[in-house]
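*Asks:* return atomic coordinates for the entry below.
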Amino acid sequence: MTDASGSATELIGQWLEASPFVLELGISVEKIERDLAVLVLPFRQTSTTIADVVHGGALSSLIDTAATAAAWPAPRPRDRSEERPWRSR
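*Replies:* Model prediction:
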C-alpha cells in the first residue's frame, strides 16, 4: 500500500467515525484496506420495519457506506481515452 492510499484509508476511517448518520445507525468499522471495507450494522429495534426485519433503508445505508469506504482509498485509473484514439477507415 502506498502512502497515498494509506492516508486515504485513514481519512475514510476518520470520516466514518465522525459521520452523524453512521453514528446514528451504529455502523462500526471492523477493517478497512484498499478495495475492502468490513463494516458492521448492529441489530436495533429502531432499525426494523416489522418484528425483527431490518429496514431496507438501514441495509442500503450500510451497503452505500461500505462501498464508499472500500473504493475511496483506491487510486483512480489513468484516463487513456486520448492516448490511442480509434480511427475509422
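*Asks:* can we go C-alpha only for contacts and neighbour counts from here?
*Replies:* Fine.
*Asks:* list the contacts of A67.
*Replies:* Counting by CA atoms under 8 Å, 6 or more residues apart in numbering, A67 makes contact with A37.
*Asks:* separation between it and L39?
*Replies:* A67 is 10 Å from L39, where distance means CA to CA, to the nearest Å.
*Asks:* which stretches of this protein have low pLDDT?
*Replies:* Scanning the chain for pLDDT under 70 picks out 1-6, 73-89.
*Asks:* helices of that one, residue ranges please.
*Replies:* With helices called from DSSP state H, the chain shows them at 3-18, 20-25, 56-71.
*Asks:* burial count for the nearest residue to L36 once chain neighbours are set aside?
*Replies:* Among residues not flanking L36 along the chain, A70 sits closest, at 4.7 Å (CA to CA, 6 or more residues apart in numbering). A70: 19 surrounding residues under other CA atoms under 10 Å.
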